[in-house]
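Trainee: here is a sequence with its predicted model. Questions after.
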Amino acid sequence: MAWLKERGIACIAKSVLNSEELDKTVAYLVIAARNDGYAQVYAECSQYVNNALKVEWDTSKSATYGANSGAAFAASKKEFDNLQLPVMDLINFALQSEDHVAQLKEIFPDEDENLA
């Protein structure tokens, strides 16, 4: 249990936070959120221009015209919420074992043991 306290938990956290799957999903989520924000702000600003100048601002040439950025953002959020990390499957399997520390040590061997 000392290994789990001193090394294991940090190894688990590091493997989750450094997973490629998490990196990609978060990157897509950030991009989708930014795009949706831009689209909403552009639409809101266009509405202000229309109201203030009493003109009909042509938004058809904007980069956000016709884009369903809200749906893309919602899909990215759903993907993030349902993210499955392969390392978590290994960890969950190890935690079901009677000797879960030994199982976790197999998944996350000490660097000192690898050098020997």
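Mentor: Ah, there it is. Numbering: from 1, shown residues only.
Trainee: how close does residue 66 sit to residue 34?
Mentor: 18 Å (CB to CB, to the nearest Å). From N, CA and C alone the C-beta is placed, and that goes for glycine too.
Trainee: quick one: contacts for the closest residue to residue 59 other than its chain neighbours?
Mentor: Nearest non-adjacent residue to residue 59, counting by CB to CB, 6 or more residues apart in numbering: residue 46, 5.2 Å away. Residues in contact with residue 46, defined by CB atoms under 8 Å, 6 or more residues apart in numbering, are 57, 59, 62.
Trainee: verify the contact between the last one and residue 42 for me.
Mentor: So the one you mean is residue 62. Yes - judged on CB atoms under 8 Å, residue 62 makes contact with residue 42 at a distance of 5.8 Å.
Trainee: next one: the one helix or strand residue 79 maps to to chain centre, how far?
Mentor: With secondary structure defined by DSSP states H and E, residue 79 is part of helix 69-81. Helix 69-81 has its C-alpha centroid displaced from the chain centroid by 11 Å (CA atoms, centre = their mean, to the nearest Å).
Trainee: got phi/psi on residue 9?
Mentor: Main-chain torsions, residue 9, degrees, to the nearest 10: phi -60, psi -40.
Trainee: returning to that earlier point: can you turn the buried part of the contacts of residue 46 into a ChimeraX selection?
Mentor: Those of those that count as buried under 16 or more other CB atoms under 10 Å are selected in ChimeraX with:
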select :59
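Trainee: name the nearest of the contacts of residue 46 relative to residue 76.
Mentor: Closest to residue 76 out of these is residue 62 (21.4 Å), distances taken as CB to CB.
Trainee: any idea how far the closest residue to residue 29 other than its chain neighbours is from residue 35?
Mentor: Take residue 29 and drop its neighbours on the chain: the residue closest to it by CB to CB, 6+ apart is residue 76, 4.4 Å away. Distance, residue 76 to residue 35, using CB to CB: 10 Å.
Trainee: who's more crowded, those two?
Mentor: Neighbours were counted for residue 76 and for residue 35 using other CB atoms under 10 Å; residue 76 has more, 21 against 18.
Trainee: which residues sit in contact with the more buried one?
Mentor: Residue 76 touches 25, 28, 29, 31, 32, 33, counting by CB under 8 Å, 6+ apart.
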